[in-house]
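Asker: Provided below for reference: sequence and predicted model.
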Amino acid sequence: MAGRLLSLLAEGPRLIASLPRNSAELARAAAEGGAEALKVHLRVTHTASGTRFGSLEEERADLEAILAVGLPTGVVPGTAESLPTGEEMRELARMGLDFFDLFARDMPAWMMSRQGMTCAAAIDAGTGMDFVGELEGLGIEMIEAAVVPAEGYGRAVCAADLVKYRLIRRATQLPIIVPTERAIAPEDLPVLIGDIGLNAVMIGAVVTGREATSLEAATGRFARAVASLRD
């Protein structure tokens with residue numbers, strides 16, 4: 001059975017909000033702005049937001065409050081240095097997390113058997129297109145195209161970025177999520193989604209800021225742009 005986000009992506013482009021903190025207030029702000037899914041984090045210090053996210057037990061109450069908002073919610077469960085156990089992954093699924101997202105270079109083989117959630121693999125700037133094409137047969141169901149080096153965060157989308165995204169699109173039939181490592185603007189979406197064929201934009205701290213007011217406002221602008229591409 002397909003996850004909730006995966007089913008939505010099959011119907012048209014979608015807007016995901018990656019929360020700068022595991023906060024129900026921020027989740028509600030994103031939902032009010034028109035986000036159609038959320039992403040949270042565990043066991044990682046997030047480069048773009050500068051936030052340190054704790055373990056499942058440290059973050060459990062906040063995750064439960066976020067899930068109560070009702071949007072499909074995914075999780076980055078850690079990094080190569082702080083991977084969750086199988087039991088922790090099963091607990092995340094029991095809690096109602098819809099998908100998990102981890103860099104392909106960090107994802108252990110056992111984790112690719114879904115764990116009760118949709119499996120998304122992130123790729124980085126050094127990932128070759130042959131590699132992208134091979135992900136499809138390994139139980140991975142979505143790709144996050146996190147292909148901008150950290151020193152490029154916050155800059156405008158450029159022609160070289162579009163070429164990268166186009167090559168990724170040509171390499172796979174899987175749904176592709178593009179995060180706002182660049183300062184993607186709603187005006188960029190007709191090219192990224194309409195022309196290139198990316199399936200979702202995932203907005204984060206680079207374009208939303210870190211507070212509920214700015215997040216809701218930014219989400220509203222992107223939500224209107226994404227919805228116009230489904231019409």
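Answerer: All right, it came through fine. Numbers count the residues shown, from 1 in each chain.
Asker: tell me the buried residues in the host helix or strand of E59?
Answerer: Assigning secondary structure by DSSP states H and E places E59 in helix 56-67. Neighbour-count burial for helix 56-67 flags L56, E59, D62, L63, I66, L67 (criterion: 16 or more other C-beta atoms under 10 Å). Glycine gets a C-beta too; all of them are placed from N, C-alpha and C.
Asker: what of stretch 21-34?
Answerer: Here stretch 21-34 shows R21, N22, S23, A24, L26, A27, R28, A29, A30, A31, G33, G34 as buried, counting by 16+ other C-beta under 10 Å.
Asker: swap in stretch 116-129?
Answerer: Applying 16+ other C-beta under 10 Å to stretch 116-129 flags M117, T118, C119, A120, A121, A122, I123, T127 as buried.
Asker: these two touch, right, I193 and E187?
Answerer: No: with contact defined as C-beta atoms under 8 Å, I193 does not reach E187; the gap is 11.9 Å.
Asker: which helices and strands sit right next to the strand or helix carrying I143?
Answerer: Element membership for I143, per DSSP H and E: strand 142-145. Packed against strand 142-145 by the contact rule (3 or more C-beta pairs under 8 Å, 6 or more residues apart in numbering; DSSP states H and E) you find helix 4-11, strand 99-103, strand 118-123, helix 159-171, strand 176-179.
Asker: ok, back up a step: closest one of the buried residues of helix 56-67 to E91?
Answerer: L56 (6.8 Å; C-beta to C-beta).
Asker: residue contacts, the closest one?
Answerer: By C-beta atoms under 8 Å, 6 or more residues apart in numbering, the contact list for L56 reads L42, L63, P84, E88, E91, L92.
Asker: wait, is V132 part of a helix?
Answerer: Yes: secondary structure of V132 (DSSP: H, G, I helix; E, B strand; the rest coil): part of a helix.
Asker: out of the helices and strands in this structure, which is least certain?
Answerer: strand 44-45 (a mean of 82; mean pLDDT, DSSP states H and E).
Asker: mind giving me the packing neighbours of that one?
Answerer: So strand 44-45, by 3+ C-beta pairs under 8 Å, 6+ apart, packs with strand 52-53.
Asker: ok, now which ones touch the residue nearest to S23 when sequence neighbours are not counted?
Answerer: Leaving aside its sequence neighbours, S23 sits nearest to D62 (C-beta to C-beta, 6 or more residues apart in numbering; 6.4 Å). Contacts for D62 (C-beta under 8 Å, 6+ apart) come out as N22, S23, A24.
Asker: understood, closing this out.
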